[in-house]
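Enquirer: this one's sequence-less:
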């Protein structure tokens, strides 16, 4: 008997682990997860978690585990350049990591090395009874002759790294998260498009230092006459230093960049300051090749993600972050297709959305890396003017924070139909803005965008304005959501689940409603404000009372105002399970709003000619 | 050979555990910790952690463990009374748990049952290699004939609860945290002073409920014609309900208040609303006797704390909180006396400070409990007017939050000598106010009051105003702190510790300095702003840059302004190791400030006729 799986995941670095972690939150998926390494990463490698990524990890319930390590937090970046008199280096400026126009709960980069990140995921997966199988790799795959008619349309050949064992399994999906030299990508014969022919060589060293350099505990870029370096504080007195090195043609970077050579180069660049190493935890060296894969998928059955799809200079600290978001983007789509809630063609949006995001990042990354790396250790004239460098850094902080990612209009993302101004934080294809509101049931102030855990549900937020003014609209909306022909009625389970455990999804695992009234909490009575349909969502009922508070917060902190909605009339936001805004609707006429919601979902659920509503429901 | 200990602790409830947890953070103390129960509390009992207590637990590094349970958070209290038409109950008002004039990071009560609290402490103690010895109790104690000349002046007789084993040990100190029926207190022949002769009887039940009562997830007080109740949400859908019950004279409360009887009483009081119990985790019943012990100590060798010293109505949720702070208050004093930094007579301040705090609380508690409990299930006329009840609640919220505790002027607490106005949050004998500042070394925004962990050190904060204006004063201050005859020089270790691990105490475990400049972070250069003496505290150097930020925070958030200091000239605050303000000094003349600091410490360190500086230093 050939073993059958829902998915085979190749590679247990952060990206592969993320996909398993996401999927096991969505259903009891049967996953075969292999890795060619004999064990997980112990130390070093990727180390930066950007703010948007931290939001996503928090939504998965993993933020607390990350923070328990007391990781480094980068709030500010310092820029140092060769001093004009040629005697050393001087600070030319500083910049906040996340300027004020970036809407984030966490205006810092979190620095924690890949060994710890992998451990957090492995512990999580162990709790969910998934163990990674090592040391195995993929030998090949083929389609089942019955094609899509088969329950498991893929046949995958696996082989142990020592070549002694092999195994053939059947699967519905195959995901390659096997890094820059991806075997899955090779099997797909997908070429990498290189954006940056210059191959800079960088070395990196982690450890404990003693130094008189004033910004040794800051993220710092240094461009001296002796070359370039970057300092990354890792928390708990540990520091990472990247140093540009210059091996001869054909010389392997790792062989060239010994620990003493990296340390010497760092001291040359930072002179007249000195760095002494009390301990070295890890070091490495590599050529930077920027590029991205021409395709991310084969027939929406085989996918690749992370470094297998896009490689970057490590300087912007983005590789792992974009990889995490690849897996996150794919997971809920696979789940909703398999659960019978989304039509199969939606899987095409994975490549569409994530390739565009990677391309934009690489465009920036190439600019940034070229500005940062001087081509050789020469004088000032080879170095880009400092002001341009700082400017590029600032302009691109939206992109590096993760909040700058914008998904294009497609069946999942509707262009805005409301008249909200450009100053609003709420935009289709962008992540749902942060908003602090008061939960009615227990008067707790909560982060609205984090209230629903990553569970595969579409999140429909009804900003319901003033209760007295919208009462009729809300009752009408509820009536039409339940009317014959409504997609919400079609996907509603037979017995409404009013338990505490089922509080996020009383009607269906496919969608959930939240209602936010612009009123003081104590004025909102569930019995009076809500039709029975919405009363099922008593844990998702909020008071948008910030403006009314006496703490003197600015009116912009009011959630209605922040979203660009009228505080009396409100509006509706459809948010995808991954936290990106699908569409923004008016809330004027209950019937019209219900129809608009129907239209959005009708275009993405399986058509009548396609799959029926799945049995899993 | 008789075993010898630094301290014998009797009772491993929250208060006893707190003392062990505190002491083991201060030194390698040899503790014998016994408890008469066969195991720790599993569930129920005390459950409320007030905001000031949470600050203290955070300073011990225990907040994260508490929050990992996702405890209930009470932000608001609802008041319900009998409705005037006699048909049931109605909400008469709501109040924030922590009104805006309370300066706290955590404006909520944290609800977590005693089983979890004890587990958090037991795990912490296990990591520090202390195990509680069960089931043992104290049989008696006597003084060593050599008295204070002896290394271990106390001889303690212990006996196992089953009477089969006994043991005699020698110890320096004995602490009784053995509850309201304290055996240690009995051995000391210390009487309880009863404040409240009325013995109300309350029952309590914990579990999972289904209810149509709108405020079932809120802290709610209900005073109906059928009696009084209180609802406490415990998080994760669990609820506690206190119900007043009326056993006959002589009838034991626990025997009377069966689960069905408590449930029936709750439904009677809450009618017309209904409460159904899906699960019952725990229940109990007891008479409330308010009172406090006439003495807390015998010769500063034997101490009692927690319920052994003061008992309360559980309604204000204070018992455990005041008990924690008893242990916290005692721990650092014992440590600094044993380490040779404080004169022995300082131990008298334990009773002086904590008895006064308890007396004040009990005064409030009696008022509150009487207002809350109607003497029998009768009509409205037995119930205090609602407005008075709400008024008392609000007036006393400073006391229940923990921030209202004020230690009297004594050798540890100097009356203010500066001209700061009454609006300032900084007052001698009060807890040091919260202040968010930017750490210079890594640009992290930090909670100033939490930067130094509970480590037994006196914390001297120099609010240094504008660097250009105070530069000379700061250099003068440093010079005089190191001058011959300075107490700081006397207690300075021979080799200054500039390691990361020693960052809080480069000069001495007795004291540590922090410097807060009113300037943007990037303008503060350690090499320029600081004399060598203060440069050792590079991890304690802060920019008070809130006012200068562009986020639009109010000027009151500036730390200098909040403390009541001139933003140009600054000032000095001496904070005790437990976070209470010892004295407030001007910063005008460096020599004068150094002398004032000297005077404060000279009055509390061992006199020349007393103990010499201990060898431990």
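Expert: Everything's here; your move. Values in this document were obtained by computation on a predicted structure and should not be read as measured data.
Enquirer: Surely residue A:106 and residue A:53 touch.
Expert: No. Residue A:106 sits out of contact with residue A:53 when judged by CB atoms under 8 Å, with a separation of 9.8 Å. C-beta: built from backbone N, CA, C; applies to glycine.
Enquirer: which of those two has more neighbours?
Expert: residue A:53 (25 against 19; other CB atoms under 10 Å in any protein chain shown).
Enquirer: residues touching the more buried one, list them.
Expert: Contacts for residue A:53 were tallied using CB atoms under 8 Å, 6 or more residues apart in numbering or on different chains; they are A:320-321, A:324-325, A:402.
Enquirer: filter these to the buried ones?
Expert: A:320-321, A:324-325, A:402 (16 or more other CB atoms under 10 Å in any protein chain shown).
Enquirer: Farthest-apart pair in these, please.
Expert: The two members of the buried ones among the contacts of residue A:53 with the most space between them (CB to CB) are A:320 and A:402, at 11.5 Å.
Enquirer: What sits closest to the residue in the stretch 1-150 of chain A positioned nearest to chain B if chain neighbours are left out?
Expert: Closest residue of the stretch 1-150 of chain A to chain B, CB to the nearest CB: residue A:76 (3.7 Å). Closest residue in space to residue A:76, ignoring its immediate chain neighbours: residue B:443 at 3.7 Å, by CB to CB, 6 or more residues apart in numbering or on different chains.
Enquirer: looking at it, that neighbour is touching residue A:218, isn't it?
Expert: Yes. In this structure, residue B:443 is within contact of residue A:218 by CB under 8 Å, at 6.0 Å.
Enquirer: wait, is the residue nearest to residue A:76 part of a strand?
Expert: No. Under DSSP: H, G, I helix; E, B strand; the rest coil, residue B:443 falls outside any strand and is assigned coil.
Enquirer: Does residue A:73 touch residue A:108 like I think?
Expert: Yes. With contact defined as CB under 8 Å, residue A:73 reaches residue A:108; the gap is 4.3 Å.
Enquirer: Have a look at those two and say which one is more surrounded.
Expert: residue A:108 (23 against 20).
Enquirer: So which residue is dead centre in chain A?
Expert: residue A:325 (3.2 Å; CA atoms, centre = their mean).
Enquirer: That residue sits in which helix or strand?
Expert: helix A:319-338 (DSSP states H and E).
Enquirer: so who does the closest residue in space to residue A:536 that isn't next to it in sequence touch?
Expert: Setting aside the residues directly before and after it, residue A:536 is nearest to residue A:506 in space (CB to CB, 6+ apart), at 3.9 Å. By CB under 8 Å, 6+ apart, the contact set of residue A:506 is A:496-498, A:536-537.
Enquirer: and residue A:506, what element?
Expert: Counting by DSSP H and E, residue A:506 is found in no helix or strand.
Enquirer: do you know how far it is from chain B?
Expert: As for residue A:506, its distance to chain B is 15 Å (criterion: CB to the nearest CB, to the nearest Å).
Enquirer: do residue A:257 as well
Expert: From residue A:257 across to chain B, the span is 27 Å (CB to the nearest CB).
Enquirer: Next: residue A:161.
Expert: 38 Å.
Enquirer: pLDDT score assigned to the closest residue to that residue other than its chain neighbours?
Expert: The shortest distance from residue A:161 to any non-neighbouring residue, by CB to CB, 6+ apart, is to residue A:135 (4.0 Å). For residue A:135, the model assigns a pLDDT of 96.
Enquirer: Got the phi and psi for the residue in the stretch 251-400 of chain A positioned nearest to chain B?
Expert: For the stretch 251-400 of chain A, the residue closest to chain B is residue A:278, as judged by CB to the nearest CB, at 9.1 Å. The phi/psi pair for residue A:278 (degrees, to the nearest 10) reads phi -80, psi -30.
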